[in-house]
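# Structure for the following, please:
(one chain, ligands or ions: 2)
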Amino acid sequence: MKQGLRPSAVVGRGDDASKRNSDKPLLQVDSVEASYGPYKALFGVSFSVAEGSAMALLGSNGAGKSTVSRVVSGLIPATSGRVIFAGQDVTGLSAWRIARLGLAHAPEGRSVFASLTVLENLQLTFRRSLGKEAVGDALAAAFSEFPRLGERQSQLAGTLSGGEQRMLALAKVLAVPPKLLIVDELSLGLAPIIADEVFERLDAIRSRGTSLLIVEQHVGRALELADRVVLLFKGQVSYEGPVSELGDLAHQVLPTQGSPAAGEQDT
Ligand SMILES: Nc1ncnc2c1ncn2[C@@H]1O[C@H](COP(=O)(O)OP(=O)(O)OP(=O)(O)O)[C@@H](O)[C@H]1O
Ligand SMILES: [Mg+2]
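Ligands and ions are numbered 1, 2, ... in the order given. So this is what the prediction gives:
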């Protein structure tokens, strides 16, 4: 259920937006390799994300996108190579330490506690990440950013729509505005109008200074938001550069299929 790459979207924001960014790297992934037991998933992956920029991390199923996200955020170790974040070598640091440095990761799938209400989900996460005293302010900020969650704060998270669950997942990782937000397949399975709303939130988050690393199968939307692209192919980088220069390479590497069938969508 991949959305095909729209050639017009390849233009993206391209260099216009990147001119506003600093060249200073916020994240540097340097020759990273990673494995799951005997299965090697990444083979010397290198790329960097500049401060204030948005990078789309693209590639077909199984290319290694989520593995890169997991290594960068410390959920799985790199078997070799280095990850530098905010000027610090974070290779081998635990996920919570990396999070404290300002890296937020909204992982693939629905990362909410289904049997708790929206309010309880946020309270639990904020209490853990910020401490009891800061919960009130963080809740107010979350409900102002995502008014729909405010309206539904007593609803069980498991009964929220797919789009609302993604917003709740985002609200949970945005308690403290991170330096870098990694989102993995945030719009997967969402109806286009809801996916648009989720991407509008991402754009707003970025405009407040958070850099983005966007893993997406809705390639067109990711490229509209991103300045630069890293393409992964079988665990290796096949392109890193501006969206505007991706051109035909995208068509070679990414499968081009139709939009998700209505039955596969989930609002
Ligand atoms: N927990 C795991 N155990 C074993 N192998 C895994 C595990 N997770 C991922 N892999 C393998 O690692 C490779 C990269 O997987 P990864 O999930 O990073 O791909 P992806 O690009 O995110 O794909 P998708 O677009 O389908 O989400 C794949 O071959 C996959 O089968
Ligand atoms: Mg994945």
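# CA atoms for contacts and neighbours, from now on please.
Noted.
# bridging residues for residue 212?
For residue 212, the beta-bridge partners under DSSP bridges are residue 54, residue 181.
# right, and it touches residue 178 too?
No: look at residue 212 against residue 178 with Cα atoms under 8 Å: they stay out of range, at 9.7 Å.
# who's more crowded, the two?
For residue 212 versus residue 178, neighbours defined as other Cα atoms under 10 Å are more numerous around residue 212 (28 against 21).
# Now for the protein, the helix or strand with the poorest mean pLDDT.
Of all helical and strand segments in the chain, the minimum by mean pLDDT, DSSP states H and E falls on helix 14-20, at a mean of 44.
# Any buried residues in the next helix or strand after that one, and which?
Using DSSP states H and E, the helix or strand that follows helix 14-20 in sequence is strand 25-36. Buried positions in strand 25-36, judged by neighbour count with 16 or more other Cα atoms under 10 Å: 25, 26, 27, 28, 29, 30, 31, 32, 33, 34, 35.
# Just checking: what are the partner strands of strand 25-36?
strand 39-50 (antiparallel), strand 80-85 (antiparallel).
# Kindly format the C-alpha coordinates of it as CSV.
Extracted C-alpha coordinates of strand 25-36, given in CSV (Å, rounded to 0.1, in the frame of the first residue of the first chain):
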residue,chain,number,x,y,z
PRO,A,25,24.8,18.9,11.5
LEU,A,26,22.5,18.0,14.3
LEU,A,27,22.6,14.2,13.6
GLN,A,28,25.5,12.4,11.9
VAL,A,29,25.1,8.7,11.1
ASP,A,30,28.6,7.4,10.2
SER,A,31,29.1,4.0,8.6
VAL,A,32,26.5,2.4,10.8
GLU,A,33,25.9,-1.4,10.6
ALA,A,34,23.2,-3.2,12.6
SER,A,35,21.9,-6.8,12.8
TYR,A,36,19.1,-8.7,14.2
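# Tell me where the stretch 101-250 of the chain has helices.
Applying DSSP state H, counting those that start in this stretch to the stretch 101-250 of the chain gives helices spanning 118-130, 135-145, 147-151, 162-173, 192-207, 219-225, 247-253.
# Quick one: residues in contact with the longest one.
Spelled out, that is helix 192-207. Applying Cα atoms under 8 Å, 6 or more residues apart in numbering, the external contacts of helix 192-207 come out as 52, 54, 163, 166, 167, 186, 187, 212, 221, 225, 267.
# Check the first one too.
The contact list for helix 118-130 (Cα under 8 Å, 6+ apart) reads 112-113, 132, 134-135, 138-139, 149, 152-157, 168, 171-172, 175.
# Of all the strands paired with strand 25-36, which one comes closest to ligand 1?
With Cα to the nearest ligand atom as the criterion, ligand 1 lies closest to strand 39-50 of the strands paired with strand 25-36, at 4.6 Å.
# for ligand 1, what are the nearby residues on this structure?
Neighbours of ligand 1 within the chain, by Cα under 6 Å from any ligand atom: 36, 41, 60, 61, 62, 63, 64, 65, 66, 67.
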